[in-house]
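> Here is my input, please return the structure:
(chains A, B, C and D)
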2 protein chains.
Amino acid sequence: MDIGKNIRIKDIAKLAGVSVGTVDRVLHNRGRVSDEALKKVTAVMDQIDYKPNLIARTLGSNKNYKIAALIPDPTGDPYWAQTNLGIIQAQAEWAQYGVTVDTYTFDIFDKDAFRGLAMEVLESAPDGIVIAPIFYHESLPAFELFQNQSIPYVLFNTNIPEAQPLGFIGQNLNQSGRVGAELINLGQHESGTFAVLHIDEDVHDSIHLLEKEKGFREYFQEHRKHKFEIVDFILNPNEPTFKNQLIELLGDDTLKGIFVSTSKGTAVAASFLEKYGKKDIRLIGYDLLEENLKYLRSGIIDFLINQNPKRQALLGISHLVNHLMFKKSAPALELFPLEVITQQNVDSYLGSGIH
Amino acid sequence: MDIGKNIRIKDIAKLAGVSVGTVDRVLHNRGRVSDEALKKVTAVMDQIDYKPNLIARTLGSNKNYKIAALIPDPTGDPYWAQTNLGIIQAQAEWAQYGVTVDTYTFDIFDKDAFRGLAMEVLESAPDGIVIAPIFYHESLPAFELFQNQSIPYVLFNTNIPEAQPLGFIGQNLNQSGRVGAELINLGQHESGTFAVLHIDEDVHDSIHLLEKEKGFREYFQEHRKHKFEIVDFILNPNEPTFKNQLIELLGDDTLKGIFVSTSKGTAVAASFLEKYGKKDIRLIGYDLLEENLKYLRSGIIDFLINQNPKRQALLGISHLVNHLMFKKSAPALELFPLEVITQQNVDSYLGSGIH
DNA sequence: TTTTAAAATGTGTACGCACACACTTAATTT
DNA sequence: AAATTAAGTGTGTGCGTACACATTTTAAAA
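Numbers count the residues shown, from 1 in each chain, chains lettered A, B, ... in the order given. Now for the predicted structure:
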């Protein structure tokens, strides 16, 4: 290692016997360079390990980047509100580097409006896009548009591998279901029933949720010590039948545990368990929403798996900025750890700024 | 919010009717400034929200910072080896910003040598120090020396509040013990015995370890559903009696679970459980060491609490750099989340780069 | 009042890179 | 051979800050 001074473009120029301008042209292959000069510069480049000073680079190319964030409307939705917080934090963090983040929100019940919004985003000509593509079919044409304009885009929350994004930030849903199964199974010595509940106002992302159930079931296939029956329900809390369906489920005396695949649904299930005094039924759900924290602390919810929506958004934007500003490539797939939250460790998560 | 250009020192100078030099002197209170000029500048400062461009600042003051890292010898010790990895990563990350990190290691059995090492560090005149102060008494005079030289120092792993460091990075040990208790207690419906094992080649940090036990016991005092007896042992694996003590413990048929307070001890306890076929005894320990992972995957270890030594070191150095280079102040107390690792979520932790 | 020192303030350069522009040299065209 | 165009190359400036140094103003001493 060369102790001391870092190598600068100036140094390369001197070593190669050309001017800094020529080195610059070679490094960024812009403009025209003679074969001779190219050879001389590349020869030097091969021998030394040039690491451009990113600090100086960003200062030199005094560019302002505009990033568009597409997320479901966070109003009245605690999950997407957390996502929104991540965007706001990213905004604050990168503002001084000339990065602006414009948030575009869409109604999760209005697929058609999504299309229009994608167009609107495109018209604003952003340098990069972060998007939570909860509509599978409607997202694909949007990605095509982005690609045609060669605007880099990062996905988070929901992965769509066909989308060929710059990167995806989220979790392994199958494995997430397995963690749920593991936690529900722990210390259960008698046979009984486990319920998987997909409680959602919308059934769009049921594919997304069913992946969790798949992992959940796979775990029990691989670890069948006792006989467990697994039942599953896709429930819409706005349907009139919803309440009765849940009450009927709770009436089953063999019910040992409930795994809820959605964050908002977790609190709903918890409220029923509380109301009907079924505190012994193990409840596992998702995310550190205000409501969920309440039930976790009172012991109704036993475990929460943290999807960290805030950090997903934050990191999505960071990936984009690193790509645009620093030309740094981030991993194409950033899978967050499946954080297990309990009554005793929840405060350590809430207290730590980063997590 | 002022959309568009950020406010520069130049702008402040113009608004205040003085030169940039004067503004600079006011901002960093260096040199002499007339009361009149001071008033004019502060008046402007009060009205606008000046955020210095950190990029330009670091470029302008082209300083090279030298950081010293003091840790126990990582050779043959997987826990401190992880710490060392964090230091190496920090080194790589900050190298291009002119930061060098020199690592000083000490023998955990040789307290006297520690003193000499502290002097050696001081002689190298570093700009900042990160230190894992596992020797309580021997560390205090070292801190005094650092303070006299006004070299900022950051503690990690072990907190010594009296040390008045720039910051501490680690975990809440009491709460950590509580998490252990919670996990060991989960789904235990019969009364029995829980054992707390402090397995360490050295008993220096027993105070440190006993804090975990304190939290562990407190949990059961607050949640006494069943009658549990809690026994505890401070064991040195190098002592000839060690093996028999453990075997005797495992002979107790009422033993429901074991909580090991050290990372290396976790694997040791696991090896005994495996050897004597006591797979049903719940085992909870610390950290993602290679050995521990093996036993976690085979089901001997049920839970690991991740202390994240690598990240502790990494963040310690980052705090220091932010303080020195960017004049950014970090929280005085950065408590990491108490991450619960299971068979099913362990890969999601290992895979993710940050954690 | 002039001289000298001290206090206060302004100016200029460097940091490393990006990029615009001016310049030189070579290749064509008239 | 001169004029035009293109290819290749070098120089210079800006980004926002830090800091050294030059300059002006003010106060104290001669």
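> What does the pLDDT read for residue A:354?
Looking at residue A:354, its pLDDT stands at 54.
> Is any residue of the lowest-mean-pLDDT helix or strand in chain A near DNA strand C?
In chain A, no helix or strand scores lower on mean pLDDT, DSSP states H and E than helix A:54-60, which sits at a mean of 84. Yes: using CB under 7 Å from any atom of the strand, helix A:54-60 reaches DNA strand C at A:56-57, A:59-60. C-betas here are computed from N, CA, C, even on glycine.
> With respect to residue B:228, which of those is nearest?
Nearest to residue B:228 out of the residues of helix A:54-60 next to DNA strand C is residue A:57 (CB to CB; 60.5 Å).
> For the closest one, the count of nearby residues, please.
Residue A:57 has 14 neighbours, counted by other CB atoms under 10 Å in any protein chain shown.
> who are the neighbours in contact with it?
residue A:326 (CB atoms under 8 Å, 6 or more residues apart in numbering or on different chains).
> Report the separation between it and residue B:91.
21 Å (CB to CB, to the nearest Å).
> Let me see the contact set for residue A:103.
Contacts of residue A:103 by CB under 8 Å, 6+ apart are A:68-69, A:71, A:84, A:87.
> If we use 7 Å, what do you get?
Residue A:103 makes contacts with A:69, A:71, A:87, as judged by CB atoms under 7 Å, 6 or more residues apart in numbering or on different chains.
> List the ones among those that fall in helices.
Among the contacts of residue A:103, the members found in helices (DSSP state H) are residue A:87.
> Of the contacts of residue A:103 - the most surrounded one?
When neighbours are counted by other CB under 10 Å, residue A:69 leads the contacts of residue A:103 with 29 neighbours.
> The contacts of residue A:103 into a markdown table, with extra columns for distance to DNA strand C?
Listed next are the contacts of residue A:103 as a markdown table, based on distance: CB to the nearest atom of the strand, whole Å:
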| residue | distance to DNA strand C |
| --- | --- |
| A:69 | 25 |
| A:71 | 30 |
| A:87 | 27 |
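> if I look at the residue in chain A that chain B sits nearest to, how far off is residue B:256?
Here the residue of chain A nearest chain B is residue A:187; by CB to the nearest CB that distance is 2.0 Å. Here residue A:187 is placed at a distance of 10 Å from residue B:256 (CB to CB).
> now the least confident helix or strand of chain A, how far from the chain's geometric center?
The chain centre lies 29 Å from the centre of helix A:54-60; the measure is CA atoms, centre = their mean, to the nearest Å.
> Helices of chain A, residue ranges please.
With DSSP H as the criterion, chain A has helices spanning A:9-16, A:20-27, A:35-47, A:54-60, A:78-94, A:111-123, A:136-148, A:173-185, A:206-222, A:242-251, A:263-275, A:290-297, A:309-325, A:346-351.
> Nearest to residue B:11 among these would be which one?
With CB to CB as the criterion, residue B:11 lies closest to helix A:54-60 of the helices of chain A, at 17.1 Å.
> Go through that closest one and flag the buried ones.
A:54-56, A:58-59 (16 or more other CB atoms under 10 Å in any protein chain shown).
> ok, which of the residues you listed also contact DNA strand D?
Answer for the buried residues of helix A:54-60 near DNA strand D (CB under 7 Å from any atom of the strand): residue A:59.
> In JSON lines: the contacts of residue A:103, plus distance to chain B.
Conversion of the contacts of residue A:103 to JSON lines gives the following (distance: CB to the nearest CB, whole Å):
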{"residue": "A:69", "distance to chain B": "17"}
{"residue": "A:71", "distance to chain B": "21"}
{"residue": "A:87", "distance to chain B": "15"}
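> which stretch among the helices of chain A comes nearest residue B:106?
helix A:346-351 (29.5 Å).
> chain center to that closest one, what's the gap?
20 Å.
> Likewise for stretch A:24-38?
40 Å.
> Could you see whether DNA strand D lies near it?
Yes: Stretch A:24-38 lies within reach of DNA strand D by CB under 7 Å from any atom of the strand, at A:25, A:31-37.
> Count the residues that sit near the nearest residue to residue A:207 once chain neighbours are set aside.
In space, and not counting its chain neighbours, residue A:207 is closest to residue A:136: 7.1 Å by CB to CB, 6 or more residues apart in numbering or on different chains. Close neighbours of residue A:136, defined as other CB under 10 Å, add up to 15.
> so residue A:136 makes contact with residue A:159?
No: Residue A:136 is beyond contact range of residue A:159, at 10.3 Å (criterion: CB atoms under 7 Å).
> Please work out how many residues are found near residue A:102.
Neighbours of residue A:102 under the rule other CB under 10 Å: 14.
> residues in contact with residue A:111?
Contacts of residue A:111 (CB under 7 Å, 6+ apart): A:135, A:138.
> tell me the pLDDT at it?
Model confidence at residue A:111 (pLDDT) stands at 86.
> For residue A:219, see how far away it is.
33 Å.
> Next: residue A:247.
28 Å.
> neighbour-wise, which of those two wins?
residue A:219 (22 against 12).
> How about the residues of the stretch 1-150 of chain A by DNA strand C?
Contact residues (CB under 7 Å from any atom of the strand) of the stretch 1-150 of chain A with DNA strand C: A:5-6, A:8-10, A:20-21, A:24, A:27-28, A:30-31, A:52-53, A:56-57, A:59-61, A:63.
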